[in-house]
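1. coordinates for the following, if possible.
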Amino acid sequence: MRPLPILLLLAHLLLSASGAEAPAAFDSPEILPDHRVVFRLEGSRAADVKLRGIQRKQVQMTKDEHGVWSVTLGPIAPGIYGYGFIVDGEAMIDPSNPEIKPERDPDESELEILSAKPPLTQWQDVPHGTVHLHDYLSVPLKRVRRMRVYTPPGYEADNSLRYPVLYLLHGTGDTEATWTDFGRANYIADNLLAQHQAVPCIIVMTDGHADLRDEEGVGFKNLERTEADLLQSVIPFIDKTYRTHDDAGHRAIGGLSMGAFQSMFTGLRHLEHFAWVTGMSGYVPDVEKACAKALKDPEGTNATLRLFWHQIGRDDFLLPEQRKFEAVLEEHHIQRPFKVTDGDHSWPVWRGYLGELLPLLFR
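-> Down below sits the predicted model:
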């Protein structure tokens with residue numbers, strides 16, 4: 001993997017132009033009043049530059065006499081997008097844009113198109129919660145790790161109140177910061193609470209890459225190590241540090257993609273800790289072996305689970321494996337509201353799912 005500082009150095013080396021006239025200052029991305037967006041990149045030495053991430057296909061950019069490559073797209077619908085450039089075959093972020101999607105190997109810049117009718121993901125003038133950053137020592141992993149914790153509006157104002165907790169896990173390549181910085185989980189929660197559509201809860205976001213040798217994060221060892229980290233270190237830390245209800249009925253687990261593998265793997269294996277088990281665009285590999293106890297006692301599992309909820313887009317590449325997972329659950333009479341929705345394996349889908357999920361929890 002190429003660390004961010006090396007990406008920036010590579011960008012500098014690729015794009016610097018000795019002896020060339022410096023171009024006038026420019027913005028990138030530049031959002032026009034009609035929601036068209038201009039993307040620009042200085043690179044007089046580059047032979048070919050393409051934009052990636054906004055559309056399904058890479059978009060060719062053109063170079064002007066000052067060595068600035070540009071392309072205009074749109075109008076682009078309101079929302080949050082990740083994008084980057086391909087410069088002579090090398091992927092890079094937009095060096096003019098300080099907003100970067102949090103990833104283990106950052107390669108996407110962030111673009112937000114605001115709407116006059118704000119969606120749940122957009123900042124609104126409502127009471128806001130707080131996102132706390134923590135370092136903690138993982139006992140099973142024997143190293144210091146990071147997590148983010150969202151507390152709802154009013155948490156600091158009344159020390160007598162205790163709260164349920166949602167453990168919200170990210171996807172492959174992301175970090176503990178991605179659900180807030182790119183997924184806008186905190187804004188989604190704030191806006192739902194302002195509309196009286198959700199129960200106030202604490203949201204805990206951890207780093208799901210517990211096995212550092214597993215790039216994809218969906219191997220059995222990563223699933224087991226993430227489970228151990230949650231049960232032995234994260235949950236005790238949260239219950240000690242925050243005013244929680246420390247029982248299964250007030251504890252939920254969920255995630256997207258890799259995080260859905262982890263949330264349903266851990267949740268189904270530990271119903272003594274989680275009565276609310278959810279997943280977005282993911283399944284449990286070899287579920288009959290991994291979650292044998294829950295499947296062998298469907299009556300007990302169904303009675304314990306307050307909610308076993310999962311959804312996936314009809315264009316998601318994981319849908320065939322998801323259907324196999326659903327068939328096993330059906331065979332073992334595990335009750336759950338499963339739905340195939342519009343969409344693919346992408347953040348617009350998962351932000352929408354979180355907006356649907358939070359109103360269902362802790363009722």
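2. show me where the chain has helices.
-> Assigned by DSSP state H, the helices in the chain fall at 4-15, 178-181, 185-194, 220-229, 235-241, 258-269, 287-290, 292-296, 298-304, 319-331, 347-357.
3. okay, those helices in TSV with mean neighbour count next?
-> Using the backbone N, CA and C atoms, a C-beta is placed for each residue, glycine as well. Output for those, formatted as TSV (neighbours: other CB atoms under 10 Å):
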stretch	mean neighbour count
helix 4-15	14
helix 178-181	24
helix 185-194	22
helix 220-229	20
helix 235-241	16
helix 258-269	28
helix 287-290	16
helix 292-296	16
helix 298-304	14
helix 319-331	15
helix 347-357	21
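4. which one of those helices lies closest to Asp207?
-> Distance to Asp207, taken as CB to CB, is lowest for helix 220-229 among those, at 8.7 Å.
5. what's that closest one packed up against?
-> Contact here means 3 or more CB pairs under 8 Å, 6 or more residues apart in numbering; DSSP states H and E; on that basis helix 220-229 packs against helix 258-269.
6. now the helix it packs on and helix 220-229, what's the angle there?
-> Helix 258-269 runs at 60 degrees relative to helix 220-229, counting by axes from the mean of the first three to the mean of the last three CA atoms, to 10 degrees.
7. what's the mean pLDDT across helix 258-269?
-> Mean pLDDT, computed over helix 258-269, is 98.
8. and the chain, what are its domains?
-> Residue ranges for the domains of the chain, per automatic domain parsing: 4-113, 130-360.
9. distance from the shortest one to the middle of the chain?
-> Centroid separation between domain 4-113 and its chain, computed with CA atoms, centre = their mean, to the nearest Å, is 23 Å.
10. swap in stretch 150-157?
-> Using CA atoms, centre = their mean, the mean C-alpha position of stretch 150-157 is found 22 Å from that of the whole chain.
11. right, and the domains of the chain - which one's nearest Pro119?
-> domain 4-113 (6.9 Å).
12. any idea how many residues pack against Asn159?
-> Asn159 has 8 neighbouring residues, counting by other CB atoms under 10 Å.
13. okay, now the closest residue to it other than its chain neighbours: neighbour count?
-> Leaving aside its sequence neighbours, Asn159 sits nearest to Arg243 (CB to CB, 6 or more residues apart in numbering; 7.1 Å). By other CB under 10 Å, the residues close to Arg243 number 15.
14. thought Arg243 was touching Asp158?
-> No: the pair Arg243 / Asp158 is not scored as a contact, 9.4 Å apart, by CB atoms under 8 Å.
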